[in-house]
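Student: What follows is a predicted structure for the sequence shown.
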Amino acid sequence: MEEQSRLAIGEADLVLFVLDVREGLTAIDRDIAELLRRSRTQGGTTAGVSAGGAAGTPAGTPVGTSVRTPVLVVANKADGRGRELLAHEFYELGLGDPWVISALHGTGSGDLLDAVVERLPPPRPELADDQLAGRIAILGRPNVGKSSLLNAVIGDERSLVTAEPGTTRDPVDTRIVFAGKRLLLVDTAGIRRHGLTRGVEQYSLLRGLRAMERADVAIVVIDAREGINAQDVHIAGYVVEAGRGLVLALNKWDLLAVEEKEEKVWRRRVREQLNFAPWAPVSYISAKTGQRVTQPLEVALKVIDERHRRVATPELNRWLRSVLGQRDTPSRKGRRLRVMYATQAESTTPTFVFFVNEPELVHFSYRRFLETQLRQAFGFEGTAMRLVFRRRGEEP
């Protein structure tokens, strides 16, 4: 935790020193306050700190130093009448007037937010999308090694790694240059099924899904010791439904016995259990030992290229004519599906629009057949694909 805090210290613009008015000043509070006072005179980095018991943040979080970094003392849990009077003892810290709030009820939070916004520096220009080769989210259920993989790739302890499931609560964005390309990596909280989450975990789930939706490709990390379980399938399904690229990373490969490392067996398991995404590439890695840890990123870059692939309309329709001769189109009650022509639509997810006589005649099995034939002819490895069927004359 100390190393992660130091990284946060180096990137902070403002310190919120959160204290608990019910507990009053503690020895840890005074230690943190002393470090903050030194930070105002010694120069260096900035910090975000919290005292024990305040707003549920771990006690004793290390604090760095800064060049006159703004510090706001936040007196939390002033929930009852007269509790704000208890915050007066925080003046002795010498860090300015305390901002008295109740995070539970929202009291004082608006004024605090105004003070935070007022003290923040002007926003730094974000890296434009056209300068990024891609955005990659790292997903998986709790404690499968997502943060360990991120840390192994970037070479530092950016994400908190412990043996306790659910350590990462919020998405952590990291910009890196990999293979000469600029990438944005997002490490997300472990995803559980909606019915298994509540409170902070439910919020983390929603944040994680939102992070996935703004990515081009998701690397879904799976614990190879436990195999592919229902939750892994559930997460991969999220990615496919969102129309994103999907790369599977079987982690903790080093902990398997030799006879358990038969890749042919694992590929069959993946096809059987993730039968909705047989096109997803698989990497076998160990984030702990560094074995093949860059391979998922290498594969993800290829998937990003595949997502940008365009098929010219004449070429696509030559393919369509050959496919229509291989298999009869489905029929129902004497009416047979007729496919006139197809085109690739402009979309971040590869999308193909087929113009037909009656869209309702398209059977699931025929849709799957067309997708399989498309992939065999044109590639699109590792990315979800959308097939849209429209009545002839409708706009694509």
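Tutor: Now that the structure is in, tell me what you want to look at. Numbers count the residues shown, from 1 in each chain.
Student: make it CA atoms for all contacts and neighbour counts henceforth
Tutor: Noted.
Student: burial of the spatially closest residue to residue 14 that is not a sequence neighbour, as a residue count?
Tutor: With Cα to Cα, 6 or more residues apart in numbering as the criterion, residue 14 has its nearest non-adjacent residue at 5.3 Å, and that residue is residue 70. Per other Cα atoms under 10 Å, the neighbour tally for residue 70 reads 18.
Student: Show the subsequent helix or strand relative to the helix-or-strand element of the chain with minimal mean pLDDT.
Tutor: Lowest by mean pLDDT, DSSP states H and E among the helices and strands of the chain is helix 2-11, with a mean of 54. Following helix 2-11 in sequence order, the next helix or strand is strand 15-20 (DSSP states H and E).
Student: about what we covered before: how close does the residue nearest to residue 14 get to residue 287?
Tutor: Using Cα to Cα, to the nearest Å, one obtains 38 Å as the distance from residue 70 to residue 287.
Student: And residue 313, by the same measure?
Tutor: Counting by Cα to Cα, the gap from residue 313 to residue 287 is 43 Å.
Student: Also residue 221?
Tutor: Taking Cα to Cα, one finds residue 221 at 10 Å from residue 287.
Student: Quick check: neighbours shared by these two?
Tutor: By Cα atoms under 8 Å, 6 or more residues apart in numbering, residue 221 and residue 287 have these common neighbours: 145, 251.
Student: neighbour-wise, which of those two wins?
Tutor: Higher neighbour count among residue 221 and residue 287: residue 221, with 29 against 25, using other Cα under 10 Å.
Student: Quick check, pLDDT for that one.
Tutor: With respect to pLDDT, residue 221 has a value of 94.
Student: my guess is it meets residue 139, correct?
Tutor: Yes - counting by Cα atoms under 8 Å, residue 221 does reach residue 139; the two are 6.1 Å apart.
Student: Can you pull the residues that touch both of the two?
Tutor: By the contact definition Cα under 8 Å, 6+ apart, residue 221 and residue 139 are jointly contacted by residue 146.
Student: ok, the residue sitting furthest away from the middle of the chain to residue 311 distance?
Tutor: Centroid-distance maximum for the chain: residue 334 at 48.4 Å, with Cα atoms, centre = their mean. Remark: distance between residue 334 and residue 311 (Cα to Cα) = 34 Å.
Student: Check residue 174 too.
Tutor: 33 Å.
Student: Which residues does the host helix or strand of residue 316 contact?
Tutor: In the assignment (DSSP H and E), residue 316 maps to helix 313-324. Among residues not part of helix 313-324, those counted as contacts by Cα under 8 Å, 6+ apart are 341-344, 370, 373, 377.
Student: who wins for neighbours among those residues?
Tutor: residue 342 (23 neighbours).
Student: got any ranges where the stretch 1-150 of the chain has weak pLDDT?
Tutor: 1-11, 39-68, 81-84, 124-130 (pLDDT under 70).
Student: can you rerun that using 50?
Tutor: 1-2, 42-67 (pLDDT under 50).
Student: Just the helices from the stretch 51-200 of the chain, written as ranges.
Tutor: Listed in chain order, the helices of the stretch 51-200 of the chain (DSSP state H, counting those that start in this stretch) span 109-119, 146-154, 200-213.
Student: same question, the stretch 251-396 of the chain
Tutor: 263-273, 295-307, 313-324, 364-378.
Student: Residue 389: which of these is closest?
Tutor: Closest to residue 389 of the helices of the stretch 251-396 of the chain is helix 364-378 (Cα to Cα; 9.4 Å).
Student: Only the C-alpha atoms, please, for that closest one, written as CSV.
Tutor: Listed next in CSV are the C-alpha coordinates belonging to helix 364-378 (Å, rounded to 0.1, in the frame of the first residue of the first chain):
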residue,chain,number,x,y,z
PHE,A,364,-30.1,-17.6,-35.1
SER,A,365,-28.2,-20.5,-36.7
TYR,A,366,-28.1,-18.7,-40.1
ARG,A,367,-26.8,-15.5,-38.4
ARG,A,368,-24.0,-17.6,-36.8
PHE,A,369,-23.2,-19.2,-40.2
LEU,A,370,-22.8,-15.8,-41.9
GLU,A,371,-20.6,-14.5,-39.1
THR,A,372,-18.4,-17.6,-39.2
GLN,A,373,-18.0,-17.2,-43.0
LEU,A,374,-17.3,-13.5,-42.7
ARG,A,375,-14.5,-14.2,-40.2
GLN,A,376,-13.0,-17.0,-42.3
ALA,A,377,-13.0,-14.7,-45.4
PHE,A,378,-11.9,-11.4,-43.9
